[in-house]
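[1] Could you look at this predicted model? Sequence included:
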Amino acid sequence: MTDRTILDNLKYDALPAVLVSAVLQSDEPFGHDPLDELEALAETAGLQVVGKVYQNVQKISPRTYIGKGKVVEVADLVLETGAKLVVFDNELRPNQQDALEEEIKVSVLDRTELILTIFGQHTRTRQAKVQVQLAQAEYELPRLKNLWTHLERQRGSLGAVGGAGERQIETDRRLLRDRISALKAELEQISRRRHIEVERRNELFQVAIVGYTNAGKSTLMNALTQEGVLAEDKLFATLDTRTCVWKLPDHKVLLSDTVGFIRNLPHRLVASFHATLEEVLQADLLLHVVDASHISAVEMVEAVNGVLKDIGAGDKRTLMVFNKIDLVRDQPQVTHLQNMYVEHVKVSAKSGVGLTELERRVQAVVEERETKLDWTFSAGNGRLLAYLQQHGKILNLEYEDSDVHVRALIEPRYYGQAVALRDS
């Protein structure tokens with residue numbers, strides 16, 4: 001099984017790695033080069049890519065995932081390049097990972113473990129750390145048996161009943177299950193606190209930015225709010241949700257930047273990051289940011305929509321934001337996206353193109369939800385007038401004798417208090 005010392009040092013050492021992807025002939029490949037995204041993930045983790053192997057297969061090998069000939073090809077490439085690691089763009093079963101390491105003679109990672117490693121490198125808050133640790137522990141649990149079988153084989157005692165490996169497996173399983181239970185309990189406490197925090201924000205209209213990793217979400221948030229959110233040209237640059245006030249021409253809304261999604265996002269991570277995605281579940285509007293210049297933009301949109309559906313946010317009101325529009329070379333792709341999603345706006349978060357239109361469109365959504373008031377009340381009711389000015393949009397204001405006539409728009413959440421002030 002995988003040498004954990006190597007994995008622990010991924011972020012520090014530019015380890016040479018060979019990338020492998022096997023795609024069923026019945027499946028559509030992702031982009032023109034199926035290994036482009038895996039290469040970006042590997043580089044984000046700190047690896048040095050020294051070789052790539054791709055196979056289009058009719059069926060998956062139950063023992064080694066790829067065919068025997070490809071296993072030999074990968075092993076030869078490892079020897080030729082001096083690679084210390086092989087990374088699969090597929091999710092491997094424990095027995096497949098074990099068999100591949102026997103044949104190739106170096107450690108093998110699958111896509112899930114690589115993503116978990118990257119998430120582990122980029123966590124900052126306690127919440128994110130617990131979520132990643134939980135996903136990693138759940139990933140390791142079914143692999144304990146293969147790890148100790150591998151060690152027993154090295155010692156020549158494979159098959160020994162009641163051997164040290166067998167006893168150690170049970171001990172490690174118990175310890176790991178206890179750790180999983182403790183992490184789940186801590187995460188549940190964090191989730192309850194997070195839910196309360198998000199619910200307390202109900203005074204303001206809530207907007208959440210979602211999208212594929214590296215689509216430009218953080219750059220967009222910085223452009224709209226000048227908050228200085230970390231924005232790097234790499235996958236999963238930030239894992240911690242950031243929320244701040246976004247001032248529209250006539251309104252203030254809360255804007256949250258969320259963790260980037262990716263195709264085949266490990267289900268363990270989707271489950272673990274449910275607390276982080278609380279902003280998405282509570283949002284009144286989603287801004288789905290798309291890198292319109294990317295060759296696989298359509299597939300990326302579908303991947304994000306799949307995750308949104310998985311977490312129960314598939315039916316949320318969504319405005320598509322086609323970003324990096326200034327870099328677009330494939331105009332038919334953008335036209336296709338526009339035809340698929342009527343509610344859209346084209347922007348360049350970096351240059352500022354289209355941001356005014358985006359603000360206008362979001363403000364229009366806010367105002368769709370508002371109640372129109374046409375009230376006449378005593379000019380002495382300064383509390384009501386101040387409340388309407390603070391929480392609503394005054395359309396017209398006229399004074400006549402001792403009365404004031406107001407036409408205004410106000411969100412439903414403020415309407416009850418306005419009526420109470422009017423009738424007091």
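    That came through, no problem. Numbers count the residues shown, from 1 in each chain.

[2] can you list the weak-confidence ranges in the stretch 201-350 of the chain?
    The model of the stretch 201-350 of the chain has pLDDT under 70 over residues 201-203, 228-240, 268, 271-276.

[3] For it, which segments are assigned as strands?
    Remark: strands assigned in the stretch 201-350 of the chain by DSSP state E, counting those that start in this stretch are 205-211, 242-247, 252-257, 285-291, 318-323, 344-346.

[4] In CSV: those strands, plus mean neighbour count and distance to residue 372.
    C-beta coordinates here come from the backbone N, C-alpha and C atoms, glycine included. CSV is the format used below for the strands of the stretch 201-350 of the chain (neighbours: other C-beta atoms under 10 Å; distance: least, C-beta to C-beta, whole Å):
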stretch, mean neighbour count, distance to residue 372
strand 205-211, 25, 17
strand 242-247, 16, 23
strand 252-257, 22, 20
strand 285-291, 24, 20
strand 318-323, 24, 23
strand 344-346, 20, 26
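
[5] Dump those to a markdown table, plus distance to residue 266.
    As requested, the strands of the stretch 201-350 of the chain are exported to a markdown table (distance: least, C-beta to C-beta, whole Å):
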| stretch | distance to residue 266 |
| --- | --- |
| strand 205-211 | 18 |
| strand 242-247 | 23 |
| strand 252-257 | 21 |
| strand 285-291 | 21 |
| strand 318-323 | 24 |
| strand 344-346 | 30 |
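
[6] So which of those is nearest residue 41?
    Among these, strand 285-291 comes nearest to residue 41, with 15.9 Å by C-beta to C-beta.

[7] Give the partner strands of the closest one in its sheet and their orientations.
    strand 205-211 (parallel), strand 318-323 (parallel) (DSSP bridges).

[8] Just the C-alphas of it, formatted as CSV.
    Written as CSV, here are the backbone C-alpha positions of strand 285-291 (Å, rounded to 0.1, in the frame of the first residue of the first chain):
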residue,chain,number,x,y,z
LEU,A,285,-29.8,33.6,-5.0
LEU,A,286,-26.8,31.6,-6.4
LEU,A,287,-24.3,33.1,-8.8
HIS,A,288,-22.9,30.2,-10.8
VAL,A,289,-19.6,31.4,-12.1
VAL,A,290,-18.3,29.6,-15.3
ASP,A,291,-14.9,30.0,-17.0
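
[9] So what touches it?
    205-212, 214-217, 220, 280, 297, 300-301, 304, 308, 313, 316-324, 337, 358, 362, 365 (C-beta atoms under 8 Å, 6 or more residues apart in numbering).

[10] low pLDDT regions in the stretch 51-200 of the chain?
    Applying pLDDT under 70 to the stretch 51-200 of the chain flags the ranges 145-166, 198-200.

[11] all helices of it, in order?
    For the stretch 51-200 of the chain, applying DSSP state H, counting those that start in this stretch gives helices covering 68-81, 94-104, 111-122, 126-140, 144-155, 164-199.

[12] Helices along the stretch 251-400 of the chain, start to end?
    Secondary structure of the stretch 251-400 of the chain (DSSP H, counting those that start in this stretch): helices at 267-272, 278-282, 297-310, 331-340, 355-368, 382-391.

[13] deepest of those helices, which one?
    Highest mean neighbour count among the helices of the stretch 251-400 of the chain (mean count of other C-beta atoms under 10 Å): helix 278-282, with a mean of 21.

[14] quick one on the thing from earlier: in a markdown table, list the helices of the stretch 51-200 of the chain along with mean neighbour count and distance to residue 49.
    Listed next are the helices of the stretch 51-200 of the chain as a markdown table, based on neighbours: other C-beta under 10 Å; distance: least, C-beta to C-beta, whole Å:
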| stretch | mean neighbour count | distance to residue 49 |
| --- | --- | --- |
| helix 68-81 | 16 | 10 |
| helix 94-104 | 20 | 16 |
| helix 111-122 | 22 | 12 |
| helix 126-140 | 21 | 23 |
| helix 144-155 | 17 | 26 |
| helix 164-199 | 14 | 32 |
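
[15] Generate CSV for these, with distance to residue 43 as supplementary columns.
    Below are the helices of the stretch 51-200 of the chain laid out as CSV (distance: least, C-beta to C-beta, whole Å):
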stretch, distance to residue 43
helix 68-81, 16
helix 94-104, 21
helix 111-122, 10
helix 126-140, 20
helix 144-155, 28
helix 164-199, 29
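
[16] quick one, which of those is nearest to residue 352?
    So among these, helix 111-122 is nearest, using C-beta to C-beta, at 27.7 Å.

[17] so residue 54 sits right up against residue 38, yeah?
    No: Residue 54 is beyond contact range of residue 38, at 10.2 Å (criterion: C-beta atoms under 8 Å).

[18] What distance do you get for the closest residue to residue 358 other than its chain neighbours to residue 218?
    Closest residue in space to residue 358, ignoring its immediate chain neighbours: residue 345 at 5.0 Å, by C-beta to C-beta, 6 or more residues apart in numbering. Residue 345 sits 18 Å away from residue 218, going by C-beta to C-beta, to the nearest Å.
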